[in-house]
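Asker: what's the 3D shape of this:
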Amino acid sequence: MAIPLALMAVGTGIKILGQYGANLQQSIAERENEAFFREQAQYAEEAAARAEGIAAYDYSHKIGEQLSAYAGSGVDMSGSAELTVGSTISNALGEIQAIKKKGYMDAKLARLRGAAAGRQADMLSSPTYNLLQAGGTGLSAWASMKG
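Answerer: Got it, this is the predicted structure:
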């Protein structure tokens, strides 16, 4: 009976060490994910700002062309001409607001993912978590031997 018990103890110890090593490696990977998501959040903000600038330029150019065309042809700026320019301004404001909101949401999602990866890394490298996991593995091995 002593030999099977010793083999079970050695096997359980090896399994516990393997789990601990795997947890530490996963913790390192989660730290890398956390760093990546921080970079992704920064990029999302920069990309949104760049897209806002491009949209603002495009719409201001379009509005300028409309005003120039109407002024050059002597069209009175009331009525349909005014509605056309007003509609273009409204579209510009809506487009820029949508770009801003998407950039905010993309950055927020990346930050949330980064925070989750950081919490996961903390848990996987926590001595308490690893001791509890080792205890569970040991209890399972003991119960299977008794059962």
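
Asker: low-confidence ranges in the protein?
Answerer: 1, 147 (pLDDT under 70).

Asker: As a check, name the ranges of all helices in it.
Answerer: 2-73, 80-125, 127-146 (DSSP state H).

Asker: okay, those helices in JSON lines with mean neighbour count next?
Answerer: All C-beta atoms are positioned from the backbone trio N, CA, C, and that covers glycine. Shown next, in JSON lines, are the helices of the chain (neighbours: other CB atoms under 10 Å):
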{"stretch": "helix 2-73", "mean neighbour count": "14"}
{"stretch": "helix 80-125", "mean neighbour count": "15"}
{"stretch": "helix 127-146", "mean neighbour count": "13"}
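
Asker: Without its sequence neighbours, what residue ends up closest to residue 24?
Answerer: Spatial nearest neighbour of residue 24, excluding adjacent residues (CB to CB, 6 or more residues apart in numbering): residue 125 at 6.3 Å.

Asker: Now do stretch 127-144: everything it contacts.
Answerer: 8, 11, 12, 15, 16, 19, 20, 23, 123 (CB atoms under 8 Å, 6 or more residues apart in numbering).
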